[in-house]
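Asker: Turn this into a structure:
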Amino acid sequence: RVGGAMGARTGEVVRAALTWTGARLEEGVRVAVGTNGAIVAVARANEALPAELQAWPERALPRRALLPGLVNCHSHAFQRGLRGLGETYELASRDSFWTWRQEMYALVDAAADEERFYAATRKCFSEMRRAGITTVGEFHYFHHPKAGCGPPFRFDRAVIRAARDAGMRLVLLNAFYAFGGFGGQPLNEAQRRFETADVDAYWANMDALAAEIADDPHVSLGVVAHSLRAVSLEQLAALHRGAKERRIPFHLHIEEQPKEVDECKAAYDGRAPMRVLLDTVQVDELTTAVHCNHTEVAHLKEFTARGGQVCICP
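Answerer: Predicted coordinates for the structure are as follows:
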């Protein structure tokens, strides 16, 4: 971020072979960075740095390009532990997204307490940071330790702690998760650790989190309905309305798998998930649909015309 030199009385001037300046890569650009990590000034090849910064030491980065930090818009950091468990299957097997999900539930069972969850999350965030990602939208639905291993919603705080310790800017996209499937199906054993009992309890936790991060400019919140199979339409509308009132982002998984689309049509009079969303909430520029792998073109055009955003996970 760019700010004044105040609060960054010392630092260094970085000169890379090429620097992204917002429209193109340019040569000879100098970037003054304070010890607090803030960019305090940028000077192109034909410009001078402010006088108070000209004595700062210079660090040359030959044969390198200097770019802004990347943003990961959709993360489930604890799932880093699934590497090697879900990438390959036998051609003759009947494995699918839904069998992959069973591997994820096993990972949930292994993360019994806050410290184990924190360690897995921080490891993932640290790897992101080393890869050039400096901001993450953590789509977080794994809220609770095992019974007897800590109070409810402790894992929400663990995500914040992991991001701070890894040096990541965080948008905690905190998920509401009430059901195990369309039609109000009960949660299974693993899903109970994702549970948000009702909308009032969800907002009580969110408002408590907002107070806890009020003085941290690198942490903010967003609202999540995990998916249409995990919330009722009344809950979906209430969550979206609360996000609009607070002017914070709203995300949800939608149309990731054909089975989801088929089950939604069976539950909601033949309507696909995106159609249900469009009929239920006032989509705006703060509304992000994650995946949209099987969204009908007409629905997608209507969603984006209203200002909605799409997060693709290649």
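Asker: List the buried residues of the lowest-mean-pLDDT helix or strand in the chain.
Answerer: Within the chain, no helix or strand scores below helix 97-110, which has a mean of 78 by mean pLDDT, DSSP states H and E. For helix 97-110, the neighbour count (16 or more other C-beta atoms under 10 Å) marks Met104, Leu107, Val108 as buried. To be clear about C-beta, it is placed using only N, CA and C from the backbone, and glycine gets the same treatment.
Asker: From the chain's centroid, how far away is it?
Answerer: Distance, stretch centre to chain centre, for helix 97-110: 20 Å (C-alpha atoms, centre = their mean, to the nearest Å).
Asker: any idea which helix or strand comes after that helix?
Answerer: Downstream of helix 97-110, the next assigned helix or strand under DSSP states H and E is helix 114-130.
Asker: What lies in contact with the least confident helix or strand of the chain?
Answerer: For helix 97-110, the external contacting residues (C-beta atoms under 8 Å, 6 or more residues apart in numbering) are 78-79, 81-82, 85-86, 116, 142, 188, 190, 193, 256-257, 259.
Asker: Now intersect those residues with the helices, please.
Answerer: Secondary structure from DSSP state H places Arg116, Lys259 of those in helices.
Asker: Which residue in the contacts of helix 97-110 has the weakest pLDDT?
Answerer: Lowest pLDDT among those: Gly86, with 62.
Asker: nearest to Cys149, of the buried residues of helix 97-110?
Answerer: Ranked by distance to Cys149 (C-beta to C-beta), those are led by Val108 at 12.8 Å.
Asker: where do the strands sit along the stretch 151-300 of the chain?
Answerer: Along the stretch 151-300 of the chain, the segments classed as strands by DSSP state E, counting those that start in this stretch run 169-176, 219-225, 250-254, 287-291.
Asker: Would you agree Val199 is in contact with Ala237?
Answerer: No - taking C-beta atoms under 8 Å as the definition, Val199 is not a contact partner of Ala237, at 9.8 Å.
Asker: These two: which is more packed in?
Answerer: Taking neighbours as other C-beta atoms under 10 Å, Val199 and Ala237 compare with Val199 leading, 19 against 16.
Asker: I'd like to know the predicted local confidence at the residue nearest to that one when sequence neighbours are not counted, please.
Answerer: Spatial nearest neighbour of Val199, excluding adjacent residues (C-beta to C-beta, 6 or more residues apart in numbering): Ala238 at 4.8 Å. As predicted, Ala238 sits at a pLDDT of 98.
Asker: these two touch, right, Ala238 and Thr196?
Answerer: No - counting by C-beta under 8 Å, Ala238 stays clear of Thr196, with 11.8 Å between them.
Asker: Looking at strand pairing, list the partners for the residue nearest the centre of the chain.
Answerer: Centroid-nearest residue in the chain, with C-alpha atoms, centre = their mean: Gly137, separated by 1.9 Å. Taking DSSP bridges, one finds Val171 as the beta-bridge partners of Gly137.
Asker: which ones are touching it?
Answerer: Applying C-beta under 8 Å, 6+ apart, the residues contacting Gly137 are Val71, Asn72, Cys73, His74, Ser75, Val171, Leu173, Gly222, Pro249, His251.
Asker: Can you say which of those residues are buried?
Answerer: Asn72, Cys73, His74, Ser75, Val171, Leu173, Gly222, Pro249, His251.
Asker: just the contacts of helix 97-110 now: which is nearest Pro151?
Answerer: Nearest member of these to Pro151, counting by C-beta to C-beta, is Arg193, at 12.8 Å.
Asker: Identify the residues contacting that closest one.
Answerer: By C-beta under 8 Å, 6+ apart, the neighbours of Arg193 are Val108, Phe142, His143, His144, Pro145, Lys146.
Asker: could the buried residues of helix 97-110 be laid out in a markdown table, adding distance to Glu58?
Answerer: As requested, the buried residues of helix 97-110 are arranged in a markdown table below (distance: C-beta to C-beta, whole Å):
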| residue | distance to Glu58 |
| --- | --- |
| Met104 | 48 |
| Leu107 | 46 |
| Val108 | 49 |
